[in-house]
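Coordinates only, no sequence provided:
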């Protein structure tokens, strides 16, 4: 018998059962905490006098959602726990080796992603203080750099000219107002 | 109806709108070809541009992007075996083996013809089905709408695959939760703003869509180091080969294309199913119908195996517009994002859309067809050139997409708080994606949240706080029953499966005990 994959199976997205079990547990617990927190903060929604006689208030849907979220996440946690126990029993029977289950998460390129996310946050801060052109140029330059681009032609050629062209299209052609950086306004330029 | 079609045709063939279809298809094809970026991201990235356009032009542009993205997805499936979106995963089964045999051109051409057939047939169906359903839905009341929305949301969850139902439901609830942030529209009370002025207006759907799809998909690609794999793509685009298809081949695949188109349209109309399921079903159907000899070809470059999913996924894309345009209820993530865009234009899709905005209603339907023609006569010959665009180094492309996503949101609100929020949502989305939570239900829940609350409020007010509105009218009762069935089906299925596996285990244990006893 040939052992090739049957074509009707999706090519991607199939993960090892042991891994997804652990993931379900984590996901379920996160959602459980979230649903409870959401329900608790729903009590902070102000009530109008007489609202207690109304069939539907601003709190109704949040309460319903909180209960739904709690029930669903609890069922996810329970089903994950149950399957984990089953797996453990099977493993105990087989006495196989237990591999650390979050191992694959360590194989990802976290450092690049964290750097990219940090650049985005800095970009947001920069937009306010430095204005569109300078901060966007910095953002693109830093983005290319973080992803491993070292060719000067690309680093400079794809950042500043692109930003200037985009700025021109926005402000001159589409008449979209871009606020100048507050730093310059504070120093007395532009504004 | 003829009046409507003529109005639509008049709007759709305006030079500006034709240009929009063309741009949409082109950009959509390009974004769709990038592995990891699907139609939702493509549309999200285009929305900021559509805000400056007329509603009909904007929607036409987005419809073009949608088709283009699916077409682009199949192109990358065929050329580099890296489906651009989930609905074209099946295309790679037979498309990529064909490309490996040096018949990439033929595969691309057949995929385009199949998509065209799917698009044409479903456009005709849409033309008939949409007005008919719209006239029926005029009699719907808020209780029916509420029930329909619950059905739509649960169906999306139920169709999301084995072991994913609970997670999809949780994501839907999360989407609904996020939709309650901001000022409550009916009472004017602030909810979950925690005194933050920036949250008073609620969270914009564009922000959420960009963060959870466009941003998260790009970042996930970086996370998996996809940006370092660009060299693989460079070789393939130059060896596409002839695009000619022989008469025999057309004869062989024509019935397949017709069958799959009809199936695709029907699946598309159902809430929650969508293009991916349509493609898988059509492929499965074709495989079952094939003769034993042909069955062996499936997975190794069968033309029928290529044509079936392509016709089906395109037909179901049109089909998914039926519930959106007539009921105002999106059945998939992609149509959810279109609903968000329509609402931003001040157009409420639903039974009244045909009366209030006939130009938008009909021009969308007509432009879908024009989009199919554009894909066939313009995109197909351009594929070798568009695939050259894939050679832009990912180190440049990734920051550019990030920039477009961030600026797209920033230029609508001019509030840097939105960018921080995007980053936060993006981080959450990456975490959820890594934990195998599906993202589309979140978007669907978010977009439908406000509408659902309004309808529930109205229904409860009318019935004086009693839940009897759920079973008082026959239409509502039927919808509620279907919802319960849809929800119960996966639970029953998994229970049955467990029972069976337990029985099998017991039998296995008994066997091993027997054999142990014998050896001892």
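Looks like it arrived, so ask away. Because the structure is a prediction, the values reported are computed rather than measured.

Which residue, other than its chain neighbours, is closest to residue B:138?
Here the nearest residue to residue B:138 in space, its sequence neighbours aside, is residue B:351; by CB to CB, 6 or more residues apart in numbering or on different chains that works out to 4.5 Å. (C-beta placed from N, C-alpha, C; glycine too.)

tell me, how many neighbours does the one you found end up with?
Other residues near residue B:351 number 21, with proximity taken as other CB atoms under 10 Å in any protein chain shown.

got the contact list for it?
B:134-135, B:137-138, B:140, B:326-328 (CB atoms under 8 Å, 6 or more residues apart in numbering or on different chains).

pLDDT weak spots in chain A?
Across chain A, the ranges flagged by pLDDT under 70 are A:1-21, A:94-107, A:174, A:189-191.

Could you point out the longest helix of it?
helix A:60-94 (DSSP state H).

helices and strands around that one, which ones?
For helix A:60-94, the elements it packs on are helix A:17-42, helix B:165-179, helix B:440-462, judged by 3 or more CB pairs under 8 Å, 6 or more residues apart in numbering or on different chains; DSSP states H and E.

Among the contacts of residue B:351, which lie within helices?
Among the contacts of residue B:351, the members falling in helices (DSSP H) are B:134-135, B:137, B:326-327.

for chain A, what are the nearby residues on the stretch 401-520 of chain B?
B:402-403, B:406-407, B:410-411, B:414, B:416, B:419-420, B:422-423, B:426-427, B:430, B:432, B:434-437, B:453, B:456-457, B:460-461, B:464-466 (CB under 8 Å from any CB of the partner chain).

Among the residues you listed, name the ones in helices.
B:402-403, B:406-407, B:410-411, B:416, B:419-420, B:422-423, B:426-427, B:430, B:432, B:434, B:453, B:456-457, B:460-461.

Quick one: buried ones out of those?
Using 16 or more other CB atoms under 10 Å in any protein chain shown as the burial test, those include B:402-403, B:406-407, B:410-411, B:416, B:419, B:422-423, B:426-427, B:430, B:432, B:434, B:453, B:456-457, B:460 as buried.

if we can go back for a sec, could you tell me which of the contacts of residue B:351 count as buried?
Using 16+ other CB under 10 Å as the burial test, these include B:134, B:137, B:140, B:326-328 as buried.

how far off helix A:60-94 does the helix or strand harbouring residue B:143 point, in degrees?
Using DSSP states H and E, residue B:143 sits in helix B:142-158. Interaxial angle of helix B:142-158 relative to helix A:60-94 (axes from the mean of the first three to the mean of the last three CA atoms, to 10 degrees): 20 degrees.

close to chain A, is helix B:142-158?
No: using CB under 8 Å from any CB, helix B:142-158 stays clear of chain A, coming no nearer than 9.8 Å.

What residues sit buried inside that helix?
B:142-158.

any idea how far that helix is from the chain center?
Helix B:142-158 sits 17 Å away from the centroid of its parent chain (CA atoms, centre = their mean, to the nearest Å).

and it, average pLDDT?
The pLDDT scores in helix B:142-158 average 87.

about what we covered before: is it correct that the residue nearest to residue B:138 falls within a strand?
No: read with DSSP: H, G, I helix; E, B strand; the rest coil, residue B:351 is coil and lies in no strand.

farthest-separated two in the ones in helices among the contacts of residue B:351?
The widest separation within the ones in helices among the contacts of residue B:351, taken as CB to CB, falls between B:135 and B:327 and amounts to 12.0 Å.

one step back: would you turn the ones in helices among the contacts of residue B:351 into TSV with pLDDT and distance to chain A?
Below are these laid out as TSV (pLDDT from 0 to 100; distance: CB to the nearest CB, whole Å):
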residue	pLDDT	distance to chain A
B:134	82	28
B:135	82	30
B:137	81	24
B:326	86	26
B:327	84	21
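
closest to residue B:65 among these?
Of all the ones in helices among the contacts of residue B:351, residue B:326 has the smallest distance to residue B:65: 22.0 Å, by CB to CB.

Pretty sure that closest one sits against residue B:350.
Yes: Residue B:326 is within contact range of residue B:350, at 7.3 Å (criterion: CB atoms under 8 Å).

Mutual contacts of the two, please.
Common neighbours of residue B:326 and residue B:350 are listed as residue B:137 (criterion: CB under 8 Å, 6+ apart).

center of chain A - which residue?
Computing the C-alpha centroid of chain A and ranking residues by CA atoms, centre = their mean puts residue A:117 first, at 10.0 Å.

doesn't residue B:424 make contact with that one?
No: using CB under 8 Å, residue A:117 is not in contact with residue B:424; the gap is 9.6 Å.

What's the mean pLDDT across stretch B:99-115?
For stretch B:99-115, mean pLDDT is 87.

What is the neighbour count of the residue lying closest to residue B:194 once chain neighbours are set aside?
Spatial nearest neighbour of residue B:194, excluding adjacent residues (CB to CB, 6+ apart): residue A:41 at 7.8 Å. Neighbourhood size, residue A:41 [other CB under 10 Å]: 14.

Hmm, residue B:192 and residue A:41 touching each other?
Yes: at 6.0 Å, residue A:41 counts as touching residue B:192 under the criterion of CB under 8 Å.

how's chain A carved up into domains?
Split into domains by automatic domain parsing, chain A comes to A:17-95, A:110-187.

can you put those domains in JSON lines and add distance to residue B:209?
Formatted as JSON lines, the domains of chain A follow (distance: least, CB to CB, whole Å):
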{"stretch": "domain A:17-95", "distance to residue B:209": "20"}
{"stretch": "domain A:110-187", "distance to residue B:209": "17"}
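
Walking through chain B, point out its strands one by one.
Applying DSSP state E to chain B gives strands spanning B:182-183, B:190-191.

Chain A contacts on the stretch 201-350 of chain B?
Counting by CB under 8 Å from any CB, the stretch 201-350 of chain B sits next to chain A at B:219, B:222-225, B:227-228, B:280, B:283-284, B:287, B:298-299, B:305.

For residue B:337, state which of those is nearest.
Distances from residue B:337 to those, taken by CB to CB, are shortest for residue B:219, at 18.9 Å.

which residues sit in contact with the closest one?
By CB under 8 Å, 6+ apart, the neighbours of residue B:219 are A:113, A:116-117, B:426, B:430.

Narrow the residues of the stretch 201-350 of chain B next to chain A to just the buried residues.
Neighbour-count burial (16+ other CB under 10 Å) applied to these gives B:219, B:222-223, B:227, B:280, B:283-284, B:287, B:298-299, B:305.

Need those residues in JSON lines (columns: pLDDT).
Shown next, in JSON lines, are those (pLDDT from 0 to 100):
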{"residue": "B:219", "pLDDT": "90"}
{"residue": "B:222", "pLDDT": "88"}
{"residue": "B:223", "pLDDT": "88"}
{"residue": "B:227", "pLDDT": "63"}
{"residue": "B:280", "pLDDT": "89"}
{"residue": "B:283", "pLDDT": "91"}
{"residue": "B:284", "pLDDT": "89"}
{"residue": "B:287", "pLDDT": "87"}
{"residue": "B:298", "pLDDT": "87"}
{"residue": "B:299", "pLDDT": "85"}
{"residue": "B:305", "pLDDT": "90"}
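
Identify, from the residues you listed, the entry nearest to residue B:98.
Closest approach between those and residue B:98, by CB to CB: residue B:305, at 9.5 Å.

The closest one: what's its closest spatial neighbour, skipping adjacent residues?
Using CB to CB, 6+ apart and skipping residues adjacent in sequence, the residue nearest residue B:305 is residue B:94, 3.7 Å away.

what's the answer for residue B:84, then?
Excluding the flanking residues, the one nearest residue B:84 by CB to CB, 6+ apart is residue B:73, at 3.4 Å.

so that neighbour sits right up against residue B:87, yeah?
Yes: counting by CB under 8 Å, residue B:87 is a contact partner of residue B:73 at 6.7 Å.

which residues are in contact with both of the two?
By CB under 8 Å, 6+ apart, the residues touching both residue B:73 and residue B:87 are residue B:39.

Show the contacting residues for the residue nearest to the centre of chain A.
By CB under 8 Å, 6+ apart, the neighbours of residue A:117 are B:219, B:423, B:426-427.

Can you tell me which of those comes closest to residue B:442?
Nearest to residue B:442 among those: residue B:426, at 13.0 Å, using CB to CB.

I am finished for the moment; much appreciated.
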